[in-house]
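Asks: fold the following for me, if possible:
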Amino acid sequence: MGRVVVAGSINMDVVATAERHPRVGETVAGHEVLYFPGGKGANQAVAASKLGAPTMLIGRIGVDAFGAQLRTFLAAQGVDVSFVQQTAAAHTGTALITVASADNTIVVIGGANAHLTVDDVSSAPLARGDVAVSQLEIPLATIAAFFTRARATGATTILNPAPAVAFDHALLGLVDILVLNETELGVLAGTELRDSDEDATFIDAARRLRVNKTQIICVTLGRRGALALADDTPLVIPGHAVTAVDTTGAGDCFVGALAARLAEGAAIRDALDYANLAASICVQRMGAAPSMPTAVEVGAVLKTV
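Replies: Just a heads-up that it's a prediction; the model follows:
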């Protein structure tokens, strides 16, 4: 069995819940404020670890209370934090999240995440059979160095290009599996997409974005499930009917679960189905990292579908 090695962000999520989202310039009364461990890198690492994969996180935290709390939390989830370093140059990353009617808006302040360097990932312990995962909440040069090292060792690379920003498409050449939602696909493919678009529209955009025919592109579509382009064959992963409470960590759960299954040697279709099911469990709970399901929980639901 391979390992999952994540290079990515570590944040404290400060979550405000309300009946509805405020309009620009408006103040609305909220219900409560909650603090949850988060950051896309940390979320994905926790998801993979709770699903049974040996998991390491490479990241940066500040010398502050949030950083100490996050390190303790990650270690308690079974994540190897020996490559999580402190930096005095910035505070621990923080995300300000408003949740209303199960939908969310997020403002991320990167803080220490912006200080994760090429040197930090240069000695990442990767080997053939491992899965290297990253996102866009750390510097692009660091991601490129991490994936270059992964490719040299024979590890599989997964990029979750979130938040959606334009970047040098040369990075895509280092990516084996690209996992993104319709907004992110639209930004990278240079087209406007909506979650109500037909499957063929998403697949066409994925084909235009793909750098080679071996690259797999997976588009997550929330309650609709997911679509994937693998070996020129579109794969449709049906959604699961659940009552969503908080969708904040759904995409990260999908990525972490996908990485965990691939590290176990699963075929891509099986891994995508598993990731989709895990994400459907995640959205039924509040918080990002704390909402990630265990392998036992996913297994129990698998017996009923």
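
Asks: which residues in the protein form helices?
Replies: With helices called from DSSP state H, the chain shows them at 40-50, 65-76, 118-122, 140-153, 182-189, 199-209, 250-263, 268-282, 295-302.

Asks: for the longest one, give the mean pLDDT please.
Replies: Averaging pLDDT along helix 268-282 yields 94.

Asks: by contact count, what packs against that helix?
Replies: strand 216-220, strand 225-230, strand 233-238, helix 250-263, helix 295-302 (3 or more CB pairs under 8 Å, 6 or more residues apart in numbering; DSSP states H and E). (Glycine included, C-beta is placed from N, CA and C.)

Asks: what do you get if the cut-off is 7 Å, keeping everything else the same?
Replies: The contact analysis (3 or more CB pairs under 7 Å, 6 or more residues apart in numbering; DSSP states H and E) places helix 268-282 against strand 225-230, strand 233-238, helix 250-263, helix 295-302.

Asks: let's have the ones you listed in CSV, adding distance to S280, mean neighbour count and mean pLDDT.
Replies: Compiled in CSV, the helices and strands packed on helix 268-282 are given as follows (distance: least, CB to CB, whole Å; neighbours: other CB atoms under 10 Å; pLDDT from 0 to 100):
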stretch, distance to S280, mean neighbour count, mean pLDDT
strand 225-230, 9, 22, 92
strand 233-238, 10, 14, 88
helix 250-263, 8, 30, 96
helix 295-302, 8, 14, 90
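
Asks: so which of the helices of the chain is nearest N160?
Replies: Of all these, helix 250-263 sits nearest to N160, with 4.9 Å by CB to CB.

Asks: now do the contacts for C253.
Replies: A47, A278, A279, C282, M292 (CB atoms under 7 Å, 6 or more residues apart in numbering).

Asks: can you put the residues you listed in JSON lines and add neighbour count?
Replies: Below are the contacts of C253 laid out as JSON lines (neighbours: other CB atoms under 10 Å):
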{"residue": "A47", "neighbour count": "33"}
{"residue": "A278", "neighbour count": "28"}
{"residue": "A279", "neighbour count": "30"}
{"residue": "C282", "neighbour count": "31"}
{"residue": "M292", "neighbour count": "28"}
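
Asks: which of these lies closest to Q135?
Replies: Once CB to CB is applied, the member of the contacts of C253 that ends up nearest Q135 is A47, at 12.6 Å.

Asks: from A16, how far off is that closest one?
Replies: Distance from A47 to A16, counting by CB to CB, to the nearest Å: 24 Å.

Asks: which parts of the stretch 1-150 of the chain are strands?
Replies: Taking DSSP state E, counting those that start in this stretch as the criterion, the stretch 1-150 of the chain contains strands spanning 4-7, 11-18, 30-38, 55-62, 80-87, 93-100, 103-109, 131-135.

Asks: give me the residues contacting the fifth one.
Replies: When contacts are taken as CB under 7 Å, 6+ apart, the neighbours of strand 80-87 outside the stretch itself are 10, 55-63, 67, 71, 74-75, 112, 115, 120.
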